[in-house]
Structures are given as structure tokens and as C-alpha cells.
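Asker: make a model of this:
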Amino acid sequence: MTIEYLKKLHATPKIGIREIKGVSGDEIKKVKQKFNIQFPLAYSEFLFLAGNSCGALPIMDTSDLETISSDWHYEIMQDEIKETGLNNTLVRPFWLFAESNGCEQFYFFYLDEGDDPTVYLADYSAADYNKKDVKSLKVNFSTFIEKKIDTAFKIWEEGW
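Answerer: Sure, this is the predicted structure:
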């Protein structure tokens, strides 16, 4: 795969001792077919480079393609969305690409925003702990990953 957006990730095979490992193009294709969707190019590059293990990148607890695309994980996500009122907010096609604690918090992008979409965060509402809010991080996916790489190196170098 030719890398257009995630050149910094491509040049970063590991951070400290933690290797970053991708998945094959066939694995990516299977997931796209399973969900009948097209991934943005920047995310396809991420999967190709880091879809098996994102190493020391601080991207929540779960971001590997196998888990994110599993049937049981999809059910957990759907339940969490219904229980917290996000089903009224998330009305456009989206893809959850990283989550924490059974989808209590998660990063996602909308599938209709082009090859390098904006990243959003679904997190607890400040007004009602039983509800979730969606907030734009105001960065595209490739910039989000670059910032995570920078943060990971800072954590590794400073030991925090």
C-alpha cells in the first residue's frame, strides 16, 4: 500500500520497545465487506501499519481491527449507544476506531467525510453522567495519529 497520509507512522515501526504491527490488505477488505462500508484512505493506512497493534500509541484501550470488528464488540457498542442516548446523535454512518472500557468512551469518524476525516470523541456528558456527548476534536485522522505519536515519544522519553 502506498502511504499518503500517515508518513510519520510509516517511519515509526516502534516506540521504545513496543512494536507497531499492521494487518494485511485482505484483512482490511474482509472487514469492509462484512460491514458493507468503505474506510477512509487515512484509516486504511493506519490499519495497514498499526491495525494489529498500535504499540505504545496512547489510543485508548482497544484499537486493533480484530477486536473492533468482532460481532461481540459491535453488540457492546450498539448497547452502549442505545443506553446512553447516542442513537439520537449518531445518525450518520460512522466507524468506532478506538475505545475504552466496553465503549464507555470512544473515538470515531464519520464515513462520509472523505479520505482524512475529522476525529470525534463520544464521552460522558457533563450534565448527565448516564448520557454521552459527542465532541469534535477538530483535527483530521492523520493529524490525530501524528499527535499520538508525539505524545507516545514524550511519555517514553520522560517516563510518565
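
Asker: in this structure, which spans are strands?
Answerer: 14-15, 18-19, 94-100, 105-110, 118-124, 132-140 (DSSP state E).

Asker: any idea how far the residue nearest to Asp64 when sequence neighbours are not counted lies from Phe39?
Answerer: Of all residues not flanking Asp64 in the chain, Asn52 sits nearest, at 5.9 Å (CB to CB, 6 or more residues apart in numbering). C-beta here means a position set from N, CA and C on the backbone, and glycine is covered the same way. The gap separating Asn52 from Phe39 is 16 Å, by CB to CB, to the nearest Å.

Asker: neighbour-wise, which of these two wins?
Answerer: Neighbours were counted for Asn52 and for Phe39 using other CB atoms under 10 Å; Phe39 has more, 21 against 17.

Asker: these two touch, right, that one and Lys29?
Answerer: No: Phe39 lies out of contact with Lys29 (CB atoms under 8 Å); the separation is 9.9 Å.

Asker: can you pull the pLDDT of Ile3?
Answerer: Note for Ile3: predicted pLDDT of 96.

Asker: oh sorry, the question was meant for Trp160
Answerer: Model confidence at Trp160 (pLDDT) stands at 67.

Asker: skip the chain neighbours and tell me the closest residue to the residue nearest to the spatial centre of the chain.
Answerer: Per CA atoms, centre = their mean, the C-alpha nearest to the average position across the chain is that of Phe97, at 2.5 Å. Nearest non-adjacent residue to Phe97, counting by CB to CB, 6+ apart: Tyr107, 5.8 Å away.

Asker: partner residues bridging the one you found?
Answerer: Tyr107 has these beta-bridge partners by DSSP bridges: Ala98, Leu121.

Asker: quick one: neighbours of Trp72, just the number.
Answerer: Applying other CB under 10 Å, we find 8 residues neighbouring Trp72.

Asker: please report how far it lies from Glu83.
Answerer: If you go by CB to CB, the gap between Trp72 and Glu83 works out to 16 Å.

Asker: could you pull up the residues touching the residue nearest to the centre of the chain?
Answerer: Going by CB atoms under 8 Å, 6 or more residues apart in numbering, Phe97 touches 43, 46, 63, 68, 107-109.

Asker: please report how far the residue nearest to Asp64 lies from Leu9.
Answerer: 13 Å.

Asker: what residues does the lengthiest helix in the chain touch?
Answerer: Using DSSP state H, we find that the single longest helix of the chain is helix 141-158. Contact partners of helix 141-158, identified using CB under 8 Å, 6+ apart, comprise 5-6, 8-9, 12, 15-16, 40, 42-43, 46, 55-59, 107, 109, 116-119, 137, 139.
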